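> Give me the fold of what follows.
(chains A, B, C and D)
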Number of protein chains: 2
Amino acid sequence: MVVVVEDDVFKALADPTRRRILDGLVERDGQTLFEICARLAAEGGPGLSRQAVSQHLAVLESAGLVVPRRQGRYKFHDLNTEPLERIAARWRRPDRPESAP
Amino acid sequence: MVVVVEDDVFKALADPTRRRILDGLVERDGQTLFEICARLAAEGGPGLSRQAVSQHLAVLESAGLVVPRRQGRYKFHDLNTEPLERIAARWRRPDRPESAP
DNA sequence: ACCATAGGCAAGTACCTACTTGCCTGTCAG
DNA sequence: CTGACAGGCAAGTAGGTACTTGCCTATGGT
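Purely as a prediction, here's the structure:
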């Protein structure tokens, strides 16, 4: 059982590179490590080694934001937006007039 | 004019103490520095000096999550949830069936 | 079988951030 | 005016985090 604490989600989102990885996964699910590496490099950001991206993915996985899916020697990564919904709802004002149901 | 980048918002949310400060402000707006200090101490968390809280508030302010309001020798802090709405919307799936326009 | 590909593990380094301590400024009460 | 209160500024320190380098495992093609 994987207990994902909100703390891990915030820590995962704190890094700009990890956020860019999520940006890439929004566009297309199931990318491999090398695909993500190539996409980051293509976007012209800072030069990143393969290991750096791998470690970022590990952080995203432990936060539950990315779900890995192994198949042969490939490991595809899928995005999971569910933790994001919760963190946004945390500080929602109960008294704010905002599209009341 | 204060240009608030998303980066600052994520960095501000990365710290658990700052999130607890936001939690306190959701319950009651317009708390002073000492009030926030007392509330954090009452919640039984880790011991925090006044300066530590002050620096946390500075980070929250530069992220636009907390808006200060000076009055005499007091400085009241109000919560601003607007940046939170944006960061949640960032990774929303376009193909997800969710209130399509 | 062999080698290339896809990825993981581990140690080391440079930087960043949270926190503390000490001192200073401005505001109200007596 | 004087002292107490609310808060800010600045330098220093300890722990964390991102990134690199080097080596290792496993799967697939030829």
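
> For stretch A:41-55, give me every contacting residue.
Stretch A:41-55 is contacted from outside by A:17, A:20-21, A:33-34, A:36-37, A:40, using CB atoms under 8 Å, 6 or more residues apart in numbering or on different chains. For every residue, glycine as well, the C-beta is placed using N, CA and C.

> Need the pLDDT of the residue nearest to A:Leu79 when sequence neighbours are not counted.
Spatial nearest neighbour of A:Leu79, excluding adjacent residues (CB to CB, 6 or more residues apart in numbering or on different chains): A:Leu25 at 4.0 Å. Looking at A:Leu25, its pLDDT reads 96.

> Cross-check the contact I'm expecting between A:Leu25 and A:Pro68.
No - using CB atoms under 8 Å, A:Leu25 makes no contact with A:Pro68, being 11.6 Å away.

> before we move on, back to that, quick check: ChimeraX command selecting the buried ones in the contacts of stretch A:41-55.
A single ChimeraX command selects the buried members of the contacts of stretch A:41-55 (16 or more other CB atoms under 10 Å in any protein chain shown):
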select /A:20,21,33,36,37,40
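
> Which ones among the contacts of stretch A:41-55 also lie next to DNA strand C?
With CB under 7 Å from any atom of the strand as the criterion, those include A:33-34 near DNA strand C.

> Show only the entries of the contacts of stretch A:41-55 found in helices.
Among the contacts of stretch A:41-55, the members falling in helices (DSSP state H) are A:17, A:20-21, A:33-34, A:36-37, A:40.

> Using a markdown table, lay out the residues you listed together with distance to B:Asp78 and pLDDT.
Shown next, in a markdown table, are the ones in helices among the contacts of stretch A:41-55 (distance: CB to CB, whole Å; pLDDT from 0 to 100):
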| residue | distance to B:Asp78 | pLDDT |
| --- | --- | --- |
| A:Thr17 | 33 | 96 |
| A:Arg20 | 32 | 96 |
| A:Ile21 | 34 | 97 |
| A:Leu33 | 44 | 97 |
| A:Phe34 | 47 | 96 |
| A:Ile36 | 40 | 97 |
| A:Cys37 | 43 | 96 |
| A:Leu40 | 38 | 94 |
